[in-house]
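Q: coordinates only, no sequence provided:
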């Protein structure tokens, strides 16, 4: 997070965590921008979970004692 803010020169190349932190300022919180970035950040994680849930469930129950 700190490396991205200090070493990257253009805000267009910041990671999403740095963009989320920029929505909070001394003058207030940009709630629409913060919520939009939060949804954009969480959608790829949810898609990955939906596609790998079956494998995760099988892996967790594989070691269970019957």
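A: Cool, got the structure. Everything numeric in this text was worked out from a predicted model, so none of it was measured. Residues are numbered from 1 along each chain as shown.

Q: this structure: helices as residue ranges?
A: Assigned helices in the chain, in chain order: 2-7, 16-22, 31-62 (criterion: DSSP state H).

Q: contacting residues around the shortest one?
A: Defining contact as Cβ atoms under 8 Å, 6 or more residues apart in numbering, one finds that helix 2-7 is touched by 14, 15, 17, 18. C-beta coordinates here come from the backbone N, C-alpha and C atoms, glycine included.

Q: shaky segments in this protein?
A: Low-confidence segments of the chain (pLDDT under 70): 66.

Q: which residue lies nearest the spatial centre of the chain?
A: Among the residues of the chain, the one closest to the centroid is residue 41, at 4.0 Å (Cα atoms, centre = their mean).

Q: wait, that residue sits on residue 21?
A: No - at 11.9 Å, residue 41 does not count as touching residue 21 under the criterion of Cβ atoms under 8 Å.

Q: any idea which of the helices of the chain is most buried?
A: Of all the helices of the chain, helix 16-22 has the most neighbours on average by mean count of other Cβ atoms under 10 Å, namely a mean of 15.

Q: contact partners for the residue nearest to residue 21 when sequence neighbours are not counted?
A: Nearest residue to residue 21 in three dimensions, chain neighbours excluded: residue 1, at 7.3 Å (Cβ to Cβ, 6 or more residues apart in numbering). Neighbouring residues of residue 1 by Cβ under 8 Å, 6+ apart: 15, 17, 18, 21.

Q: again, only this time at 10 Å
A: 14, 15, 17, 18, 20, 21 (Cβ atoms under 10 Å, 6 or more residues apart in numbering).
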